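S.K.: Only the shape, not the letters, is given here:
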């Protein structure tokens, strides 16, 4: 038996809001299955299970905010894997946004089990697919799976779903909340990414309906009133609250980093001619969607150089440097509504530039849709920020603790450049490094940037 606990999804996370369970008591889960949605100050994250077994009890109600390390569920028949030490749980922690409470000391109170029909695991379908099938009213036993080994995929469920009108984009928690409160999602203006309806939007619509004058709420004073129905009057307050919370989280972490980490900064300008020519040859004849951009080579060079100079790839913990077991690049992604996330590309030094590019595109798209998983938000050993697409030539970043370095790349621009005593115009890119002086010094940082420049002169070997 093992406990599934509130995970830490970043160094700046102390607690999280359990938005929704995607499994119930009796469901069979496997390591890596998404079992819950957790909302942090930055994003809603799909959280995976770290063990295989059967869900025994759900210990925390959806909609409850709890500290990192709080047991959320019991997984029976599982052998727990080693976990990082839990953060202390403060007694009496309460959710600021709901009326639910969770016990943080003593034995947790289990939630009532789901009905047997909901608790039954569908063969060949993961928790996310089972949850989608439940939402769409699809009987999984009648669905033919097209995934590997006959596994049922999301697309299979979408095809089997009964035809209905256009589906309103909404988070799972917002959809369930609207159903419980009797709110028609079609009348709610979403403030999430791409207009998706969030839980805060549903609450706004509920308040608007309650606050309307009595004759308007009655809806039975004549044909006009009956046809109008409930009309939500959403505001931008939910979006502003979300952005403010993210900015506070970023500000707190960056302030702590600048206060506690002795930064040093280095910069170098790299001739990008060889890389640019290789990209032109690689992209020749390829469709636009499959072409590589300079960021692919820059990420690959940054990861490979980190393997060559491992002193910059890891963490500062317990007053000493701990080297990372792999090169896991955190990549800064700006969000359309403001703020940023840094999802992780694991083993980036082992990936080819085209695989790196595909992985990056997938992460950026899902980060902006709020579809990242918990494993993609933790474990970075080195972070890269690239503002070249914004036209910025030089960027000096702030280290993301407990990491010990951050690499920055600017735009590829044409500049006068001397080669062999001859002056010409060449494409160049500026690479910068912010590093922790407790772990390394300028000589190590210089060696790293030199390695990045050397690698970019032989892109065919990356």
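M.R.: Okay, I see it. Keep in mind it's a predicted model, so treat the numbers as computed, not measured.
S.K.: Show me where the stretch 351-462 of the chain has its strands.
M.R.: Secondary structure of the stretch 351-462 of the chain (DSSP state E, counting those that start in this stretch): strands located at 382-386, 405-409, 413-419, 422-436.
S.K.: If you could redo that for the stretch 1-150 of the chain, that was the one I meant.
M.R.: 2-5, 15-21, 28-29, 34-39, 44-48, 53-58, 64-67, 71-76.
S.K.: Need those strands in a markdown table (columns: mean neighbour count).
M.R.: Any C-beta I mention is one placed from the backbone N, CA and C, and that applies to glycine too. Formatted as a markdown table, the strands of the stretch 1-150 of the chain follow (neighbours: other CB atoms under 10 Å):
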| stretch | mean neighbour count |
| --- | --- |
| strand 2-5 | 22 |
| strand 15-21 | 24 |
| strand 28-29 | 20 |
| strand 34-39 | 24 |
| strand 44-48 | 24 |
| strand 53-58 | 21 |
| strand 64-67 | 23 |
| strand 71-76 | 21 |
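S.K.: all helices of the stretch 301-450 of the chain, in order?
M.R.: Assignment of helices within the stretch 301-450 of the chain using DSSP state H, counting those that start in this stretch yields the ranges 353-369, 442-456.
S.K.: Residue 317 is nearest to which of those?
M.R.: For those, the distance to residue 317 is smallest for helix 442-456, at 18.5 Å, taking CB to CB.
S.K.: okay, the strands of the stretch 351-462 of the chain, which one's buried deepest?
M.R.: Comparing those by mean neighbour count (mean count of other CB atoms under 10 Å), strand 405-409 ranks first with a mean of 26.
S.K.: Check what contacts that one and list those residues.
M.R.: Residues outside strand 405-409 that contact it (CB atoms under 8 Å, 6 or more residues apart in numbering): 295, 298, 302, 312-313, 382-388, 394-400, 429-436, 439-440, 445, 448, 452.
S.K.: Quick check: mean pLDDT of that strand?
M.R.: The predicted model assigns strand 405-409 a mean pLDDT of 98.
S.K.: where does residue 174 land in three-state SS?
M.R.: Three-state call for residue 174 (DSSP: H, G, I helix; E, B strand; the rest coil): helix.
S.K.: For burial, what's the neighbour tally of it?
M.R.: 26 (other CB atoms under 10 Å).
S.K.: follow-up on the earlier one: could you dump the strands of the stretch 351-462 of the chain into JSON lines with distance to residue 49 added?
M.R.: Formatted as JSON lines, the strands of the stretch 351-462 of the chain follow (distance: least, CB to CB, whole Å):
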{"stretch": "strand 382-386", "distance to residue 49": "27"}
{"stretch": "strand 405-409", "distance to residue 49": "31"}
{"stretch": "strand 413-419", "distance to residue 49": "47"}
{"stretch": "strand 422-436", "distance to residue 49": "34"}
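S.K.: Residue 345: which of those is closest?
M.R.: Evaluated over the strands of the stretch 351-462 of the chain, closeness to residue 345 peaks at strand 382-386, with 9.1 Å, by CB to CB.
S.K.: who's in contact with the most centrally placed residue in the chain?
M.R.: Computing the C-alpha centroid of the chain and ranking residues by CA atoms, centre = their mean puts residue 372 first, at 3.6 Å. Going by CB under 8 Å, 6+ apart, residue 372 touches 43, 45, 46, 341, 343, 363, 366.
S.K.: And these, which is closest to residue 37?
M.R.: residue 46 (5.8 Å).
S.K.: how near is the closest one to residue 324?
M.R.: 24 Å (CB to CB, to the nearest Å).
S.K.: need the next SSE after the lengthiest helix in the chain, C-terminal direction.
M.R.: When the chain is parsed with DSSP state H, its longest helix is helix 237-260. Sequence order places strand 263-271 as the next helix or strand after helix 237-260, per DSSP states H and E.
S.K.: what's across from residue 334 in the sheet?
M.R.: With DSSP bridges as the criterion, residue 334 is bridged to residue 340.
S.K.: Let me know the pLDDT of it.
M.R.: As predicted, residue 334 sits at a pLDDT of 90.
S.K.: I'd like to know how far it sits from residue 349.
M.R.: Separation of residue 334 from residue 349 (CB to CB): 25 Å.
S.K.: The two: who's more crowded?
M.R.: For the pair residue 334 and residue 349, the greater number of neighbours falls to residue 349 (22 against 16), based on other CB under 10 Å.
S.K.: The more buried one is in contact with residue 306, isn't it?
M.R.: Yes - Residue 349 is within contact range of residue 306, at 6.8 Å (criterion: CB atoms under 8 Å).
S.K.: on that earlier part again, wait, which of the strands of the stretch 1-150 of the chain is closest to residue 424?
M.R.: For the strands of the stretch 1-150 of the chain, the distance to residue 424 is smallest for strand 44-48, at 48.7 Å, taking CB to CB.
S.K.: In terms of secondary structure, what does the closest one contact?
M.R.: Strand 44-48 sits against strand 34-39, with contacts defined as 3 or more CB pairs under 8 Å, 6 or more residues apart in numbering; DSSP states H and E.
S.K.: Strand partners (parallel or antiparallel) of the strand it packs on?
M.R.: If you go by DSSP bridges, strand 34-39 pairs up with strand 15-21 (antiparallel), strand 44-48 (antiparallel).
S.K.: As CSV, the ones you listed with mean pLDDT would be great.
M.R.: CSV is the format used below for the strands paired with strand 34-39 (pLDDT from 0 to 100):
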stretch, mean pLDDT
strand 15-21, 89
strand 44-48, 86
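S.K.: want to throw these into JSON lines with distance to residue 190?
M.R.: Shown next, in JSON lines, are those (distance: least, CB to CB, whole Å):
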{"stretch": "strand 15-21", "distance to residue 190": "15"}
{"stretch": "strand 44-48", "distance to residue 190": "13"}
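S.K.: Which residues are in contact with the closest residue to residue 304 other than its chain neighbours?
M.R.: Spatial nearest neighbour of residue 304, chain neighbours left out: residue 349 (5.1 Å); criterion: CB to CB, 6 or more residues apart in numbering. Contact analysis of residue 349 by CB under 8 Å, 6+ apart lists 300, 303, 304, 306, 307, 326, 327.
S.K.: distance of the third one from residue 352?
M.R.: Between residue 304 and residue 352 the distance, using CB to CB, works out to 11 Å.
S.K.: shared neighbours, the two?
M.R.: Common neighbours of residue 304 and residue 352 (CB under 8 Å, 6+ apart) are residue 462.
S.K.: Those two: which has the busier surroundings?
M.R.: Set residue 304 next to residue 352 and count neighbours by other CB under 10 Å: residue 304 wins out with 18 against 11.
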